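Q: Prediction below, plus the sequence it came from.
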Amino acid sequence: MKKAFVLVSALLLTLSAIAAQGTTLKLLFYSPELSDQYNDMAREYKAETGNTLDITVLQADYVTVLRARLNSGDIPDVFMSSAYADNQTYKDYVLDLTGQDFIKQMEPTALMGVTVKGRVTGYPFLVQSHSFIYNKKVFADAGITVLPRTLKEYEAVCEKLQARGIQPFATGFKEWWVLPQTAWQALAPIKDRFGGDYQNFVDRLNSGKLTFKSLPEMKNVFDLLDLIKKYGGPKPMESDFTDQCAMLATGQAAMIHQGNWAEDTIRKINPDVDLGYLLGPVGDSASKAGIMFDSNQTIRVAKDGKHVKAALAWLHWLTFSDYGKKWVPGMIKQLSPIKGAEAPQAQLAQATVKLLAEKTPNYSWFYQRFPTGTEQALGLILQGYCAGITDRQQTLDKLDAEYAKIAAGTK
Amino acid sequence: MKAKEDRRHRSPRVRRALEFLGFTMPAFLAVLAFVELPFLMSFGYSFTNWNGLDKVPQFVGLANYKALLLSDPDFLAAFGFTLLFTVIMVAATNAVALFLAVVLDGDVRGKNALRAAFFVPNIISLIVIGYVWRFIFSKGFDSLYAATHLAVFRLSWLGDPRLSFASVVFVSVWQAIGFYMVVYIAGLQTVPRDLMEAAVIDGAGRGARFFRITLPMILPSITICLFYSISNSLKTFDVIFSLTFGGPGSSTSSIALDIYKTAFGENRFGYGAAKSVALFVLILVVTVAQLSILKRREVEA
């Protein structure tokens, strides 16, 4: 007993002595499903450079904790956030990364979301896509050979599936974040009306010159939500992310609206499931149906952190070292924004690459340009619509009122 | 040297004061640091349009309070929800808890096991309870429907805005009764036996004994239980947070959850602070009124 105690204390002492040699970076990350990958990367970094990464991983209360730490002065050296509107949210705290050698290694499309007036405010971490995901075997068994692109074609597919006793959609409507992702995809082609420039569109919304009510395209959004609800099983408002993944993996449901990040969860339930992307319908216009594709997960360096240089050195390593280059595609199994990175061994990520190569319409995550805080508020309003609490007119009124309130607060 | 002398010759009054301060100060300082100061700070923030992050909050005077009272249908809806929730919660928890207390205070077989069973939900984290019931309402009810084909299990208890209110109330009552039951049992045990015996000899029936003797004698317990259940219901947050997140839409959004969503979801920290001051005033007024009314009616044994 005593011997064991001495041994353990000796071990701890050596460990802390080793830790004391290099610098220790404090990182605050989200996505706990990636904990193993984070830890593996930290172990490798320690082995190669002798520096320690102290990674805290949170999920539901991530933003709350991050804010508390930034406000209290207990600033993490590195933290994560979304791109676009979050550039503005954390403007007082992030280091300008413009001109860093690792930034020059990034695909220009991945830098779009973190660039403000020509300055690069963050390090794009993952490139992700979302649209409708379908279970190929379920489709084949139902004799569906032509994939749907318009709302009418989706409805025909749903009828076919339902006739065979399969629930067409698992909705995910209980999650406030699934609703806006699903809804805004049907609005994505709106950029064509604004010279292909989403910022132009969002600026007009922010200034109140444009309202959701004035957009005829909102009909496509409501029609899509109605369709999903109609074919979303007996309890469409109680389906959450886990339910979506489980139903699709087991073939109880044929389609879900999700992103490539869901593949890991789906495969944990059924490792052999055959998955593919469907193009999200935009009313009856088959040529506009596409997928949503962007680099929204962003790593930020805190400019007031204690180890700014060490943080930059870590990002350099993450971009240039052999391990770093393989980390995102090889271990996280998602698309890396680094130029010339290998394709990940994941079906949905590969499907994304293929769709992009085929010049399928793809849209950036323009709704991330809406002021920070609109995502949840608008998501809950859309949830109210789906639950039948508000009709279309009332929903549009609420969307406009809420958007105006939050936009006024962020000016 | 002099100081030592002084200590020895302190008057009893000073010593008592020091003793009093020695016992109360640690708790007082903790409450001051973790409750009072943050409260005063949020009172200050309620006059700004701070987003929770900007280093320099902008002063906006009474604009937040004006918006709150005049142009915020969501807050009014949350206010209405919370009041209705509180009325039903207070009536249901106290009635059920008192009933259970009376039953379990008598000679029932296995009463200790039953008391423990009713109390257990009270020591589980509210967030966990929300998630457990969320699972029961969705997946659990699905399985029950598959087994029994009873229509009640086919209803969307969390997804239908007409039913979600009932679900939230049910889980909250289920969670809360244990605590109030224990307080009522303690109260019942202070009712003097001789009073009861005298009443029996005088020919008072069960009902008369309960309403004429038991109820007046346990009025102090009732005061406490009403106070706690009113203020807890007005502040309700955790169960709703994990059970429905105020949804669908914002049909089950309580004031506290609405404050959370405003401050942390929408980044309107200053406005959220104004809402929390409003909630504070509401709770203060209601509970002070309740206490002063009930205290007057308490009787000594």
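A: Done, it's in.

Q: What pLDDT is listed against residue 8?
A: Reading this off chain A. In this model, A:V8 is scored at 49, pLDDT.

Q: Oops, wrong one, chain B.
A: 59.

Q: Looking at strand pairing, list the partners for A:T298.
A: Beta-bridge pairing of A:T298 under DSSP bridges involves A:S81, A:P124.

Q: mind checking how far it is from A:H307?
A: With distances taken as Cβ to Cβ, to the nearest Å, A:T298 is found 19 Å from A:H307. Heads up, the C-betas are built off the backbone N, CA and C, glycines and all.

Q: Compare neighbour counts for these two and give me the winner.
A: A:T298 (24 against 18; other Cβ atoms under 10 Å in any protein chain shown).

Q: Contacts only, for the more buried one.
A: Shown in contact with A:T298 (Cβ atoms under 8 Å, 6 or more residues apart in numbering or on different chains): A:80-83, A:86, A:113-114, A:122-125.

Q: how about a cut-off of 7 Å?
A: If a contact means Cβ atoms under 7 Å, 6 or more residues apart in numbering or on different chains, then A:T298 has A:80-83, A:114, A:122-125 as its contacts.

Q: Reformat those residues as CSV; add distance to B:P26 and pLDDT.
A: Below are those laid out as CSV (distance: Cβ to Cβ, whole Å; pLDDT from 0 to 100):
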residue, distance to B:P26, pLDDT
A:M80, 39, 95
A:S81, 40, 93
A:S82, 43, 91
A:A83, 47, 93
A:V114, 49, 95
A:G122, 45, 95
A:Y123, 47, 96
A:P124, 50, 95
A:F125, 46, 91
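
Q: Format the residues you listed as CSV; extra columns: neighbour count.
A: What follows is the contacts of A:T298, written out as CSV (neighbours: other Cβ atoms under 10 Å in any protein chain shown):
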residue, neighbour count
A:M80, 22
A:S81, 26
A:S82, 20
A:A83, 25
A:V114, 27
A:G122, 29
A:Y123, 27
A:P124, 25
A:F125, 23
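
Q: And the residues you listed, which is closest to chain B?
A: Taking Cβ to the nearest Cβ as the measure, A:S81 is the one of these closest to chain B, at 10.9 Å.

Q: need the contact list for the closest residue to chain B within the stretch 201-350 of chain A.
A: Of all residues in the stretch 201-350 of chain A, A:M237 sits closest to chain B, at 2.6 Å by Cβ to the nearest Cβ. The neighbours of A:M237, taking Cβ under 7 Å, 6+ apart as the test, are A:173-174, A:386-387, B:156, B:159, B:248.

Q: again, only using 10 Å
A: Each residue near A:M237 by Cβ atoms under 10 Å, 6 or more residues apart in numbering or on different chains is listed here: A:171, A:173-174, A:229, A:383, A:386-388, B:156, B:158-161, B:164, B:244, B:247-249.

Q: Give the full set of residues in contact with the closest residue to it other than its chain neighbours.
A: Spatially, and ignoring its direct neighbours in sequence, A:M237 is nearest to B:G159 (2.6 Å; Cβ to Cβ, 6 or more residues apart in numbering or on different chains). Contacts here follow Cβ under 10 Å, 6+ apart; on that basis B:G159 touches A:171, A:173-174, A:234-239, A:383, A:386-387, B:137-138, B:167, B:244, B:247-248.

Q: filter the residues you listed to the buried ones?
A: Neighbour counting over the contacts of B:G159 (16 or more other Cβ atoms under 10 Å in any protein chain shown) leaves A:171, A:173-174, A:235-239, A:383, A:386-387, B:137-138, B:167, B:244, B:247-248 as the buried ones.

Q: Longest helix in chain B, please.
A: Longest helix in chain B, counting residues (DSSP state H): helix B:73-105.

Q: For it, list every residue counted as buried.
A: Buried-residue list, helix B:73-105, by 16+ other Cβ under 10 Å: B:74-75, B:78-79, B:81-82, B:85-86, B:88-90, B:92-94, B:96-98, B:100-102, B:104-105.

Q: what element comes up after that helix heading to the C-terminus?
A: helix B:111-123 (DSSP states H and E).
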